[in-house]
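Show me the folded form of this:
(2 chains)
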Amino acid sequence: MEFVYLYAAMATAFVAATAGALSLRARPEAANRLAHGLSALGSLLALAGAAFVFSAGPQEFTLTGDTLFGPVAVRVDYLSAFFLAVIGAVGAAASVYAIAYSREYYGRRLGAMAALYAAFLLSMLAVVTVSHVVAFIVAWELMTVTSFLLVAHEREKAASRRAAYVYFVMTHIGTAFIMAAFLLLVPPTGSMAFADLSAPTGWLRDAAFLCALVGFGTKAGIIPLHVWLPEAHPAAPTHVSAVMSGVMIKTAIYGLARFYLEFLGTGPLWWGAAVLAVAALSSVLGVLYALMQHDVKRLLAYSSVENIGIILLGMGGGMAFTSAGLPGLAGLAWAAALFHVLNHAVFKSLLFMGAGAVLQATHTRDIEHLGGLIRFMPYTAAFFLAGAVAISGLPPLNGFVSEWLTFQALFALPAALAGLTGKLTAAVLVSLLGLTGALAAACFVKVFAMIFLAKPRSAHAAEAQEASGLMLAPMGFLAAACLALGVLPVPLLGLLTRTVAPFLGEAPATTLATGDWYAMGFKAAATTGTMSPAALAGLLLAGAAAAFAGYRLYGRAGRTAGETWTCGIVPTARMEYTATGFAEPIRRAFRAVLLPKPDVVVERDPHRYFGRRMVFHVKITYVLSELVYRPVNRGAVALARYMKRLQTGSVQLYVGYIMAVTIVVLVWSIRW
Amino acid sequence: MDLLMQFLVGLAQAAMVASLAPLAAGLIKTAKARLQNRRGPGILQPYYDLAKFLGKDSVASPTTSWLFAAAPTVYFAAALGAAALAPVLAPLAFGLGMGFADLFMLLYLFALGRFFLALASLDAGSAFGGMGGSREMFIAVLAEPAILLALLSVALPAKSTGLAAMAASAAGVKWTLSEVFAAGAFFIVLLAETGRIPVDNPDTHLELTMVHEGMILEYSGRPLGLIHWAVAIKQLVMITLFAVLFLPGAPLSWPPLAQAAVLAAKVVATALALAAAETATNKMRLFRIPAFMSVSGVLALLALVAR
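Numbers count the residues shown, from 1 in each chain, chains lettered A, B, ... in the order given. Okay, here's the model as predicted:
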């Protein structure tokens, strides 16, 4: 079978989904089933397309004849195929989930939502497959517009409108930089096909690097360009949040990878250093802010900032190794980054789906008002736990594998940076990644415990019902993927080495996998590392079996029920530790960054000592918003106010302006 | 077959560490009592305690879920896995033990156990457990970068994060100022990770010191015994890491039996040093721990610079 038919079938499925949803908008049930079913089908076809490319080699075909900008081609190499697979896998799961989840939206423009969702998925698939500058920008903007409209879907809420506005502004600044980056690469012939692009020389090349970093970094949500992300991701309907956080921000990673691996080629060492610096900042600050949130979807959005940071740690390492002429280690670092791309897509969409199930059952996103749901929603709880363990980077799930690879890449940095600088950089970055992991663990202990454990803290939580099977099935699939990728990562690692090998000159494939099914490892530039996730899982199983056998060997011991001891009072949910309290020590330790402002409201009348009510609230200051965005915003407004003087409303004056400019231009041209 | 062999050796090592762990705990307790002019319990007391706990019925709150019941097993399994990975046998005969045992694997196994125990601490719904869990995660956040920095001061010269390679490199190293800094750095995180004064107090669960003991307040009977055992295993693994990677050892040319004797002597010496450290200091305020941990980080960085 030809690849082009597969691609056409995929696109047709999504287009049909969009058209169907729009034409059936009067009948929400039918629109829902048709659009989301077709979206799931299209996602599976994308997955099949990726599998086709990995088995039959890169594919290319022209999409259009000669246009104004030359012929537009679709090219799916291994890098595109990898992202195609990521989008396909998560898209399929999210579409199935959406069938059940969107029932909530029957009275609220479901047809438009489902149509936009299908168009959104298609635009992402186009972004990672087209190989033409103009087509890429068009697909990119289609992705932006559809996701903007989805963020603004609940336009009755002021918060949603604001989130959508911030998203729109930020993402357009990003697009401007992406266009600039691309235009710097267009050769004198003016050809806009990816194959013809060539890197400029000198400072223009550095400018292209920075433009790509800023442009795609805005979409990826790296700090300090992340401001839109914690607003927009929670505002969208949950299955859209899952796709935005799990997959859409990865299209920016695709763009960066395309630029840094293919277009710009080997750069100076400071490129890698710059990416590493931004990455370290994003990962630590992202998770710190996540830890301070009580809105579960907002928390997950901040955690995406952290994970993008971890991905960029791998990419920055890869760039540094390329500059130092170490393709083997560069392969390791890039493979680590791409592995984390897939892992984050899997567990973040799983966590968003879990949060959506909780939201639908309890109608609250504030974890301070939840609790005890492990009883009422046992499957959701189990799947969410799998996601929480995976995102904390704990074995034997997939997060650990990609973090291990990133650790190894950072550990090998002294090979690229000789002397003390290399050692200290490696030591500091490794310990910062360790800090990030520990903070993520604290964060997800907090989230899981507050939502699912102990007693319900509100009536909403106490009346929760388990989510429907159509929502649980995709969550179960993603949780199983977390386990499978964590225990047997070696085949995927093989695919990833094949993915990055063509860009690095020398094939790192022989150095990156040990060839054993159970162990992953590498050997490059006098550094080696080996790790066996399967053996790690085996050890855990053996340990659990030993504990269990110990229980049994000792004979049966009874287990009686006894109420939790709370100093003689009947325990209630009000005595439980709160999310605010749980994060308090960390908030205090990092107060230099977080600048917390506690606010205590006490109603103590009529008696001095027996207050009626006490509310404790902490406000976190977002230093970067204060330092960067507020001054820029203020400056822009002041400038606009100043410029307004030019605009008097008098036509004569405007004609005068035009004349003045014309005279200046004429005088300027006479000089030559 | 190679994997199976390594796996079985690792399990044998885990069994050895697990059976010796209460002895190490008893040694520290007895030494501490002597240093404080008390008679204290016998050195085998932890074994009697374990036997008693494991034979008892347990009480669980009706508020708790299956996670509360499963957490001690996960915690124990993680500690046992770490014991299988630790370079205990590696210094005796290189190549024996887990060739792929890696320091990140070891640390993340501990993190896995801690994750589940912290969750369980919040499951019973009392403020005490939550306080313990919150503080445990806080200390872990502070200790994690410090412990990585300290271990990197050995791993970077060894050019590998493999524990066997690190042990091999550490055995051949000459004892200089940089090694003293590195040892100091790891000793501080050893105090934190084993829950000792000045970071935590392993002997009480009063509110002021409510960290690890506060976290497991709701456990009783068998699950509690399992947790205590796992804590002892983790403690012995950390002590062994310190002894193998940071203390001067016997030359590699010595026969295995002599190597084993030297390792045992180093472990005993470390245990005694822990008892002495605990006697000589006071429990620190919780919010002074960041400064304490940064001392460790600075020492580790100095060790790297000096090398």
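
So A:Val90 is in contact with A:Ser245, correct?
No: in this structure, A:Val90 is not within contact of A:Ser245 by CB atoms under 8 Å, at 10.0 Å. C-beta here means a position set from N, CA and C on the backbone, and glycine is covered the same way.

Please state the offset of the helix or strand where A:Ala31 lies from the chain centre?
According to DSSP states H and E, A:Ala31 maps onto helix A:28-56. Offset of helix A:28-56 from its chain centre (CA atoms, centre = their mean, to the nearest Å): 21 Å.

what bits of the chain have low per-residue confidence?
Using chain A. A:1, A:506-515, A:525, A:555-557, A:672 (pLDDT under 70).

oops, I was thinking of chain B
Counting by pLDDT under 70, the ranges of chain B that qualify are B:1, B:90-97.

Looking at it, what residue ends up closest to chain A?
Nearest residue of chain B to chain A: B:Gly130, at 2.3 Å (CB to the nearest CB).

Name the SS class of that residue, please.
With DSSP: H, G, I helix; E, B strand; the rest coil as the basis, B:Gly130 sits in helix.

That one: neighbouring residues, count only.
27 (other CB atoms under 10 Å in any protein chain shown).

which ones are touching it?
A:576-577, A:581-582, B:121-122 (CB atoms under 8 Å, 6 or more residues apart in numbering or on different chains).

Which single one of these is nearest to B:Leu274?
B:Ser121 (24.7 Å; CB to CB).

Look up how far A:Thr564 lies from that closest one.
B:Ser121 is 12 Å from A:Thr564, where distance means CB to CB, to the nearest Å.

neighbour count winner among the two?
B:Ser121 (32 against 24).

ok, that one touching B:His212?
No: in this structure, B:Ser121 is not within contact of B:His212 by CB under 8 Å, at 9.6 Å.

any common contacting residues for B:Ser121 and A:Thr564?
B:Glu218.

gap between the lengthiest helix in chain B and the chain center?
Assignment by DSSP state H gives helix B:2-35 as the longest helix of chain B. Relative to its chain's centre, helix B:2-35 lies at 11 Å (CA atoms, centre = their mean).

give me the residue from the stretch 201-350 of chain A nearest chain B.
For the stretch 201-350 of chain A, CB to the nearest CB, closest residue to chain B: A:Leu291, 9.2 Å.

Check chain A too.
A:Tyr577 (2.3 Å).

and that residue, how many neighbours?
By other CB under 10 Å, 24 other residues sit near A:Tyr577.

is it true that it touches B:Leu122?
Yes: under the criterion of CB under 8 Å, A:Tyr577 makes contact with B:Leu122 at 6.1 Å.

mind listing the helices for the stretch 201-307 of chain B?
Using DSSP state H, counting those that start in this stretch, the helices found in the stretch 201-307 of chain B span residues B:212-215, B:221-246, B:256-280, B:289-306.

repeat for the stretch 151-300 of chain A
Applying DSSP H, counting those that start in this stretch to the stretch 151-300 of chain A gives helices spanning A:158-185, A:203-220, A:229-235, A:238-243, A:249-257, A:269-292, A:296-323.

if I look at B:Ala18, how far off is B:Ala86?
Here the criterion is CB to CB. By it, B:Ala18 lies 12 Å from B:Ala86.

Comparing those two, which shows the higher neighbour count?
Set B:Ala18 next to B:Ala86 and count neighbours by other CB under 10 Å: B:Ala86 wins out with 27 against 21.

Surely that one touches B:Gln235?
No: using CB under 8 Å, B:Ala86 is not in contact with B:Gln235; the gap is 11.8 Å.

Compute the inter-axis angle for the next helix or strand after the longest helix of chain B and helix B:221-246.
Sequence order places helix B:45-54 as the next helix or strand after helix B:2-35, per DSSP H and E. On the basis of axes from the mean of the first three to the mean of the last three CA atoms, to 10 degrees, helix B:45-54 is oriented at 150 degrees to helix B:221-246.

Distance from the chain centre to helix B:45-54, please.
20 Å.

ok, and what's touching stretch A:116-125?
Residues outside stretch A:116-125 that contact it (CB under 8 Å, 6+ apart): A:10-11, A:14-15, A:17-18, A:21, A:35-36, A:38-39, A:42-43, A:46, A:84, A:87-88, A:91, A:95, A:98, A:139-140, A:142-143, A:146-147, A:149-150, A:153, A:239-240, A:243, A:247-248, A:251.

again, only this time at 7 Å
Outside of stretch A:116-125, the residues that reach it under the criterion CB atoms under 7 Å, 6 or more residues apart in numbering or on different chains are A:10-11, A:14, A:17-18, A:21, A:35, A:38-39, A:42-43, A:46, A:84, A:87, A:91, A:98, A:139, A:142-143, A:146-147, A:149-150, A:240, A:247-248, A:251.

Just the buried ones among those, please.
Among these, those buried by neighbour count (16 or more other CB atoms under 10 Å in any protein chain shown) are A:10-11, A:14, A:17-18, A:21, A:35, A:38-39, A:42-43, A:46, A:84, A:87, A:91, A:98, A:139, A:142-143, A:146-147, A:149-150, A:240, A:247-248, A:251.

what's near enough to touch the residue at the greatest distance from the centre of chain B?
The centre of chain B is farthest from one residue, B:Pro62, which by CA atoms, centre = their mean lies 32.2 Å away. By CB under 7 Å, 6+ apart, B:Pro62 lies in contact with A:561, A:563.

Now the common contact residues for B:Ser121 and B:His212.
Residues touching both B:Ser121 and B:His212 (CB under 7 Å, 6+ apart) are B:Gly132.

circling back to that earlier point, now tabulate the helices of the stretch 151-300 of chain A in JSON lines and tack on distance to A:Gly649.
Formatted as JSON lines, the helices of the stretch 151-300 of chain A follow (distance: least, CB to CB, whole Å):
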{"stretch": "helix A:158-185", "distance to A:Gly649": "27"}
{"stretch": "helix A:203-220", "distance to A:Gly649": "36"}
{"stretch": "helix A:229-235", "distance to A:Gly649": "36"}
{"stretch": "helix A:238-243", "distance to A:Gly649": "44"}
{"stretch": "helix A:249-257", "distance to A:Gly649": "43"}
{"stretch": "helix A:269-292", "distance to A:Gly649": "45"}
{"stretch": "helix A:296-323", "distance to A:Gly649": "44"}
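
On the three-state scheme, A:Val615 is what?
strand.

Surely it touches A:Val601?
Yes: the criterion here is CB atoms under 7 Å, and A:Val615 meets it with A:Val601 at 4.4 Å.

how deep is A:Ala390 tucked in, by neighbour count?
By the measure other CB under 10 Å, the count of residues near A:Ala390 is 32.

Now the one helix or strand it maps to: buried residues?
In the assignment (DSSP H and E), A:Ala390 maps to helix A:378-391. Across helix A:378-391, burial judged by 16+ other CB under 10 Å covers A:379-391.

can I get the residues you listed in JSON lines with distance to chain B?
Output for these, formatted as JSON lines (distance: CB to the nearest CB, whole Å):
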{"residue": "A:Tyr379", "distance to chain B": "13"}
{"residue": "A:Thr380", "distance to chain B": "13"}
{"residue": "A:Ala381", "distance to chain B": "8"}
{"residue": "A:Ala382", "distance to chain B": "9"}
{"residue": "A:Phe383", "distance to chain B": "14"}
{"residue": "A:Phe384", "distance to chain B": "12"}
{"residue": "A:Leu385", "distance to chain B": "8"}
{"residue": "A:Ala386", "distance to chain B": "12"}
{"residue": "A:Gly387", "distance to chain B": "13"}
{"residue": "A:Ala388", "distance to chain B": "8"}
{"residue": "A:Val389", "distance to chain B": "7"}
{"residue": "A:Ala390", "distance to chain B": "11"}
{"residue": "A:Ile391", "distance to chain B": "11"}
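
Those residues of the stretch 301-450 of chain A touching chain B, which are they?
A:374-375, A:389, A:392-395, A:400, A:404, A:407-408, A:411, A:414, A:420, A:423-424, A:426-427, A:430-432, A:434-435, A:437-439, A:441-442, A:445, A:448-449 (CB under 7 Å from any CB of the partner chain).

Filter the residues you listed down to the buried ones and express that as a PyMOL selection.
Selection of buried members from those for PyMOL, criterion 16+ other CB under 10 Å:
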select buried, chain A and resi 374+375+389+392+393+394+395+400+404+407+408+411+414+423+424+426+427+430+431+432+434+435+437+438+439+441+442+445+448+449
